[in-house]
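In: Structure for the following, please:
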Amino acid sequence: MRGTGMLTEAVAKSPHGTATICAGRQRSWREMSQRVPRAAAGLGALGLEPGGTVAVLAMNSDRYLELFFAIPWAGGIVAPLNIRWSEAENAYAINDSDAAILCVDDAFLHHVPRLRAQSRGLKALVWIGDGPTPDGMTSYEQMIASHEPVEDAGRAGDDLYAIFYTGGTTGLPKGVAMSHRAICYGTISYLALLPSIEDLSFLYIAGYFHFAAASALFYITMAGGTHVILPKFEPVPVMEAITRHQVTNMVMVPTTVNMLLNHPDFARYDLSSLRTCVYGGSPMPETLMAEAAQKLPGWEFYQIYGMTETCGFATMLRWRDHVFSGPKASRIRSAGQPAPGVEVKIAAPDGRALPPGELGEICMRSDYLMSEYFNKPEQTAEVLRDGWMHSGDAGYLDEDGFLFVADRVKDMVVTGGENVFSIEVERILFKHPAVLEAAVIGIPSEEWGEAVHAVVVPRPGMAVDADELIAHCRAFIAGYKCPKSVEFRDEPLPVTPVGKVRKNVLRDPWWEGREKKIG
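Out: Residues are numbered from 1 along each chain as shown. Model (predicted):
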């Protein structure tokens with residue numbers, strides 16, 4: 001299957017339909033289909049070879065969206081970079097993906113000197129911003145204007161389409177490599193789960209480096225719908241965009257749902273056009289879900305569970321199962337049932353499938369799993385075994401096939417929809433000379449679902465405070481990964497007989513009386 005064929009399908013279905021709305025610009029599918037092959041020609045002229053990688057560091061925009069099709073059209077691989085990462089983290093991703101070209105916009109122009117200095121294989125820089133083209137960079141718009149369109153390179157099947165970077169338990173990011181086949185199968189499956197695929201218009205608020213946002217680029221295109229693009233989430237612009245453009249679909253996290261519902265201007269906007277709101281990424285309190293259902297009666301909420309490695313989702317809790325009373329009320333605490341084409345099993349440590357009700361590791365198998373962690377065969381082998389993706393999350397299936405996620409085996413903290421691996425933060429804490437022991441856990445947060453919390457044992461005779469440690473972390477990693485609070489202890493952290501910190505002992509008191517699940 002050919003991922004770029006989704007664009008061809010959109011043009012065939014809706015040539016005059018609106019493809020993109022962004023920053024006052026509006027383009028039809030026919031216009032977009034003319035721009036993409038020209039942009040592909042320009043990338044080839046800059047030195048992009050078949051199988052080469054183009055990295056993109058930018059806020060959401062129509063140009064960025066076009067690159068998701070122009071890069072593979074030219075035979076390349078898309079590598080979206082995390083806009084919240086430090087320069088050092090993104091330089092690592094550029095080198096790890098062997099990127100030959102870097103595309104940036106106004107928001108990240110100041111990162112370019114250091115990224116260029118630290119990146120070993122960059123041949124060219126492409127400007128996708130709105131301001132004047134900086135010296136030493138190629139204008140995306142000029143690239144389109146000055147090149148004749150080229151034929152689709154024809155990459156398909158197991159050829160890589162994109163590399164999405166995610167945090168790693170070793171402290172280094174991992175590139176989740178997705179093939180054309182996986183992207184296409186995942187897109188078809190996602191469309192099959194939606195209640196309607198007619199006249200779709202999707203509002204983007206999450207960065208394209210998140211698969212939750214990037215997946216919509218594909219399924220809205222395949223359906224010939226409209227991409228309504230905002231650079232980031234802000235309550236008023238989101239409500240204005242829904243009202244003005246009659247948006248029908250969105251993906252949100254509980255934090256953003258809560259911010260909308262409680263904004264002082266909420267009642268001023270007509271949000272009734274929105275039909276489907278998919279949520280996930282962090283725990284959704286039942287009280288918030290009930291409030292959303294009451295205040296937004298026309299919205300149908302769908303919860304997804306999955307990860308980048310599973311093409312962004314594996315199960316879905318449909319709106320019909322969002323019930324708050326009666327014999328089916330327990331389902332709202334689940335992550336739903338497997339998506340079309342996905343098998344889910346709960347595995348014992350020896351890999352055998354466990355019966356309903358028994359707790360084990362959640363494993364998934366489908367035709368839209370990642371190909372590998374890019375250039376990391378050992379880490380790939382740890383999670384992809386016998387065709388099954390081992391999630392590292394613990395859970396169980398009930399008699400009706402609903403998945404209940406019980407805990408995070410990998411001690412990942414999900415804060416405001418962002419994944420934070422505790423070991424990565426601990427690695428930075430241990431760099432501070434006053435830190436003897438450190439453990440990072442997720443604790444309840446009304447605002448973010450979970451907050452990053454550090455438990456630290458200082459070295460004898462050395463003094464350090466919370467502000468100093470948080471500032472220390474900010475020098476090495478993105479702000480959202482840094483602890484929001486620090487707890488100091490003068491006794492050793494609790495450990496297992498083999499010396500591993502018992503994080504459940506540190507974490508459980510914070511969650512007593514609360515439900516902790518993955519949304």
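
In: Can you name the residues that contact Asp321?
Out: Counting by C-beta atoms under 8 Å, 6 or more residues apart in numbering, Asp321 touches Lys328, Arg331, Ile332, Ser334, Gly336, Phe402. Glycine gets a C-beta too; all of them are placed from N, C-alpha and C.

In: can we see that at 10 Å?
Out: By C-beta atoms under 10 Å, 6 or more residues apart in numbering, the contact set of Asp321 is Tyr302, Gln303, Lys328, Ala329, Ser330, Arg331, Ile332, Ser334, Gly336, Gln337, Asp400, Phe402.

In: So which of these belong to strands?
Out: Among the contacts of Asp321, the members found in strands (DSSP state E) are Tyr302, Gln303, Gln337.

In: What pLDDT is listed against the spatially closest residue to the second one that is not a sequence neighbour?
Out: Translated: Gln303. Distances taken as C-beta to C-beta, 6 or more residues apart in numbering place Leu317 nearest to Gln303, at 4.0 Å, with adjacent residues excluded. Confidence at Leu317, expressed as pLDDT, is 93.

In: How about Val425?
Out: 88.

In: wait, it sits on Cys482?
Out: Yes: here Val425 lies in contact with Cys482, judged by C-beta atoms under 10 Å, at a distance of 7.2 Å.

In: who has more neighbours, these two?
Out: Using other C-beta atoms under 10 Å as the criterion, Val425 and Cys482 rank with Val425 on top: 25 against 21.

In: next helix or strand past the helix or strand where that one lies?
Out: When elements are assigned from DSSP states H and E, Val425 belongs to helix 422-429. Where DSSP H and E defines the elements, the next helix or strand beyond helix 422-429 is strand 435-445.

In: Would you mind checking the average pLDDT for that following strand?
Out: 90.

In: For it, which strands pair with it and how are they oriented?
Out: Within its sheet, and counting by DSSP bridges, strand 435-445 is paired with strand 449-458 (antiparallel).

In: name the helices or strands packed onto the helix or strand that comes right after the strand it pairs with?
Out: Under the assignment DSSP H and E, the closest C-terminal helix or strand after strand 449-458 is helix 466-474. If you count contacts as 3 or more C-beta pairs under 10 Å, 6 or more residues apart in numbering; DSSP states H and E, helix 466-474 packs onto helix 422-429, strand 435-445, strand 449-458, strand 485-488.

In: could the ones you listed be laid out in TSV, adding distance to Gly387?
Out: TSV is the format used below for the helices and strands packed on helix 466-474 (distance: least, C-beta to C-beta, whole Å):
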stretch	distance to Gly387
helix 422-429	27
strand 435-445	31
strand 449-458	32
strand 485-488	41
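
In: Can you give me the neighbour number for Glu378?
Out: 7.

In: Does it lie in a helix or a strand, and which?
Out: Secondary structure (DSSP H and E) places Glu378 in helix 377-383.

In: Kindly report the same for Pro37.
Out: Using DSSP H and E, the element containing Pro37 is helix 29-45.

In: residues of that helix that come out buried?
Out: 29, 31-33, 35-44 (16 or more other C-beta atoms under 10 Å).

In: tell me the mean pLDDT for the next helix or strand after that helix?
Out: Next along the chain after helix 29-45, taking DSSP H and E as the criterion, comes strand 53-57. Across strand 53-57, pLDDT averages out at 98.

In: Stretch 373-385 too?
Out: On average, stretch 373-385 scores 95.

In: what's the answer for stretch 389-403, then?
Out: 92.

In: do you know which of the helices and strands packed on helix 466-474 lies nearest Leu260?
Out: In terms of C-beta to C-beta, the element of those nearest to Leu260 is strand 449-458, at 15.3 Å.

In: Go ahead and confirm the residue nearest to Gln303 touches Tyr305.
Out: Yes: between Leu317 and Tyr305 there is a contact under C-beta under 10 Å: 8.0 Å.
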